[in-house]
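Student: Have a look at this fold, sequence not included:
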C-alpha cells in the first residue's frame, strides 16, 4: 500500500468539498419542493470519499444504502441519474449501475449486504478478483440481513468489505442504545474475520484502512468489517427533526472537528493544496451545483402508473383493483 500522491490528495479534497456543497444544497432544494426527500450525509464526507478511494471500478463493486452520496460522487457516478432516485425516478434515469459499479440506492435498511455477499460469491465461483464493498450504517447492523450476510461471508471466506459508518444515531436512537458492548467492529470476531476501527473524520486514515481490507479480500483472505466512527450532523432525513431527541449544543459538542475543515487545514499545512486551488474548487462547485439544480427542475413529473410496473410478472387481484382506483382518481 502506498501513500496518496499530491494529485490524489487534491482529488480527495475536491470530492469532499463537492460532496459537502451538494449535500447542503439538496436539503435546501427539498425545502423548496424541487425534490421530495433527501437523507443528508453532512459530516460523513471523509468516511465516504476515503472508502471510495479504495474501490477499483474496473473490477470491484459498491453496494450502497441511501446515504452514500459522497461515495457515488467519488466514484464518478452520473449524479443526474443518481439524484433521479431522490426525485421519484424508480430506475435512476441515466445512472447505469453496471458501468459505474455502484448499485441503485437501497431504502430497506440492511438489504444491500446480502446483495454484496451474493456478488462476492459469484466472483469466487468464477475465479475473478473483484471485491464487494457494502456500505452499512450503525443502525443497519441491528438488522438481520446484515448479520446473515456477515455470517455467510465468513463461512465462505468471500471477498467482501463491510464498511460501517457509525454516525452515532439510528434516526433518533443513540448508539449506546443500539449496540451492547460499545463496538460494532468487535462483532466481526463472531463471524471469523477481522474488525477494524478507524477515525471516520480522517479521510487518509479511512482510505488506508479500506485499501488494506480490499487488498486482503483480493488475496483470498476473506472479509473485513470496518467501523468508521463519525457523526451525523443534522437530521436523519429531511422529514426528521433532530431537535426532538438532541439539542444543538449536544450536536456541536459530540460531532467533533469538521472533517472537511480538518482535511483542508492539514492539506494546506503540508503544501498539498493552496488558497488558489481552494478558490478554483469553489468556483467549479458553484457552476456544477447550478447545472444540477437546472436539471432537477427540468425533470417532468413521474407517471403514477409506474408504481404498478416492474414488481410482479402478473399483477395480483388487489393490485389490479388498486390500479383501477388510481386510474379513476387520475382522470377526476
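Tutor: Thanks, I have it. What you are looking at is a predicted structure, and each value in this text was computed from that prediction instead of being measured. Numbering: from 1, shown residues only.
Student: so where do the strands sit in this structure?
Tutor: 61-63, 132-137, 160-166, 169-170, 173-174, 195-199, 224-229 (DSSP state E).
Student: average pLDDT across stretch 227-245?
Tutor: Average pLDDT, stretch 227-245: 95.
Student: now what about it, what contacts it?
Tutor: 27, 30-31, 37-40, 42-44, 46-47, 50-51, 163-169, 171-172, 183-185, 195-201, 206, 209, 251, 254-256, 259 (Cβ atoms under 8 Å, 6 or more residues apart in numbering). Just so you know, the C-beta spots here come from the backbone N, C-alpha and C atoms, and that holds for glycine as well.
Student: what ranges of the stretch 1-150 of the chain fall below the confidence cut-off?
Tutor: Residue ranges of the stretch 1-150 of the chain with pLDDT under 70: 1, 88-94.
Student: ok, back up a step: just the buried residues of the contacts of stretch 227-245.
Tutor: Among those, those classed as buried by 16 or more other Cβ atoms under 10 Å are 27, 30, 38-40, 42-44, 46-47, 50-51, 163-169, 184-185, 195-201, 206, 209, 251, 255-256, 259.
Student: Give me the most central residue, the chain.
Tutor: When Cα atoms, centre = their mean is applied to the chain, the residue found nearest the centroid is residue 68 (1.6 Å).
Student: So what pairs up with the closest residue to that residue other than its chain neighbours in the strands?
Tutor: Nearest residue to residue 68, sequence neighbours excluded (Cβ to Cβ, 6 or more residues apart in numbering): residue 135, at 5.0 Å. Residue 135 has the following beta-bridge partners by DSSP bridges: residue 163.
Student: re earlier: the residue nearest to the centre of the chain and residue 52: what is the separation?
Tutor: To residue 52, residue 68 is 9 Å away according to Cβ to Cβ, to the nearest Å.
Student: Need the overlap of contacts for the two.
Tutor: Contacts common to residue 68 and residue 52, judged by Cβ under 8 Å, 6+ apart, are residue 62.
Student: thinking again about what came up before, TSV for the strands of the chain, including distance to residue 270?
Tutor: As requested, the strands of the chain are exported to TSV (distance: least, Cβ to Cβ, whole Å):
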stretch	distance to residue 270
strand 61-63	29
strand 132-137	28
strand 160-166	26
strand 169-170	33
strand 173-174	36
strand 195-199	18
strand 224-229	22
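Student: Indicate which one of those is closest to residue 288.
Tutor: strand 61-63 (21.7 Å; Cβ to Cβ).
Student: which parts of that closest one are buried?
Tutor: 61-63.
Student: Looking at the strands of the chain, spot the one closest to residue 310.
Tutor: Proximity to residue 310, assessed across those by Cβ to Cβ, is greatest for strand 61-63 (20.3 Å).
Student: just checking, what packs against the closest one?
Tutor: Using 3 or more Cβ pairs under 8 Å, 6 or more residues apart in numbering; DSSP states H and E as the contact definition, the elements that strand 61-63 packs against are helix 112-126, strand 132-137.
Student: distance between the last one and the chain's centre?
Tutor: When C-alpha coordinates are averaged (Cα atoms, centre = their mean, to the nearest Å), strand 132-137 and its chain have centres 8 Å apart.
Student: swap in stretch 294-301?
Tutor: With Cα atoms, centre = their mean, you get 24 Å for stretch 294-301.
Student: Give me the contacts around that stretch.
Tutor: 29, 34-35, 80, 83-84, 87, 89.
Student: Next, format these as TSV and append distance to residue 220 and neighbour count.
Tutor: Shown next, in TSV, are those (distance: Cβ to Cβ, whole Å; neighbours: other Cβ atoms under 10 Å):
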residue	distance to residue 220	neighbour count
29	45	22
34	47	17
35	43	21
80	38	17
83	37	24
84	38	22
87	41	20
89	39	17
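Student: Looking only at residue counts, what's the top helix in this structure?
Tutor: Criterion DSSP state H: the longest helix present in the chain is helix 6-31.
Student: Please state the offset of it from the chain centre?
Tutor: Averaged C-alpha coordinates place helix 6-31 at 13 Å from its chain's average position (Cα atoms, centre = their mean).
Student: Could you list the buried residues of that helix?
Tutor: The neighbour-count check on helix 6-31 (16+ other Cβ under 10 Å) flags 9-10, 12-23, 25-27, 29-30 as buried.
Student: tell me the pLDDT at the residue nearest to residue 155 when sequence neighbours are not counted?
Tutor: Nearest residue to residue 155 in three dimensions, chain neighbours excluded: residue 192, at 7.6 Å (Cβ to Cβ, 6+ apart). As predicted, residue 192 sits at a pLDDT of 98.
Student: Likewise for residue 212?
Tutor: Model confidence at residue 212, given as pLDDT, is 98.
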